[in-house]
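Visitor: after the sequence you'll find the predicted model.
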Amino acid sequence: MPTPARTSRDEIVAAGRAILALDGIEALTMQRVADRVGVRAPSLYRRVASRSALVQLVAADVVGDVENRFESAASTGDPRRDLRALALALRDFALADPHSYELLFSPLPEHSAPDPASFAAAAAPVIRVAGALAGADQALNAARTVTAWASGFLRMELAGVFQLGGNVEEAFDFGMTLLIKGLTTATSEGD
């Protein structure tokens with residue numbers, strides 16, 4: 001008779017996310033996850049074939065988390081409010097879990113990366129809202145611009161390089177105001 005499972009894939013992913021949040025991707029090992037879920041490392045291999053597979057599961061969970069946050073944030077139907085809410089959702093995520101945020105923008109080897117379709121699903125609300133502001137023909141360009149600005153701002157904020165004083169939260173809001181205005185102006189000028 002087979003031995004009963006002592007852990008589940010969901011528990012493994014949750015343990016991986018906790019390790020990632022505490023110590024970063026380098027600390028995400030089969031041994032650390034096994035210790036956290038209370039099994040021996042060889043037992044973990046029954047559920048997850050390799051460290052690469054573990055990283056892939058955890059990364060997919062991070063992307064799914066961001067997708068859920070974005071879907072919830074972009075819910076008013078007002079593209080200006082929704083774009084601001086999307087940016088704030090990303091900022092909240094980055095400040096709460098910097099290592100998982102960093103994972104979003106880190107290249108992973110193909111065998112460790114989540115399915116590219118999951119990134120497309122996570123980006124869909126940003127593209128939809130940016131397109132509502134900038135026009136459907138510029139939706140992807142607008143979404144990339146917003147994402148590049150937000151990710152750059154947040155990487156700098158997380159690194160603690162804003163040392164000239166002032167309120168960083170106000171600066172973030174100021175940047176979003178300019179982006180929203182710029183995307184909206186670009187649409188009206190294109191008519």
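Guide: Great, that's in hand.
Visitor: quick check: mean pLDDT across whatever helix or strand residue 66 lives in?
Guide: According to DSSP states H and E, residue 66 maps onto helix 51-73. For helix 51-73, mean pLDDT is 95.
Visitor: any idea how far it is from the chain center?
Guide: 7 Å (CA atoms, centre = their mean, to the nearest Å).
Visitor: swap in stretch 103-120?
Guide: With CA atoms, centre = their mean as the basis, stretch 103-120 stands 11 Å off its chain's centre.
Visitor: which of the residues in that stretch are buried?
Guide: Of the residues in stretch 103-120, 103-104, 112-114, 118-119 count as buried by neighbour count, 16 or more other CB atoms under 10 Å. Bear in mind the C-beta positions are built from the backbone N, C-alpha and C, glycine included.
Visitor: let's have the residues you listed in CSV, adding secondary structure, pLDDT and distance to residue 163.
Guide: Listed next are those as CSV, based on DSSP: H, G, I helix; E, B strand; the rest coil; pLDDT from 0 to 100; distance: CB to CB, whole Å:
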residue, secondary structure, pLDDT, distance to residue 163
103, helix, 92, 26
104, helix, 90, 25
112, coil, 86, 35
113, coil, 87, 34
114, coil, 89, 35
118, helix, 92, 36
119, helix, 92, 33
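Visitor: which one of the residues you listed is nearest residue 67?
Guide: Lowest distance from residue 67 to these (CB to CB) belongs to residue 118, with 7.3 Å.
Visitor: next one: phi and psi at residue 47?
Guide: When read as degrees, to the nearest 10, the backbone of residue 47 gives phi -100, psi -30.
Visitor: isn't it right up against residue 6?
Guide: No. Under the criterion of CB atoms under 8 Å, residue 47 makes no contact with residue 6, lying 9.7 Å away.
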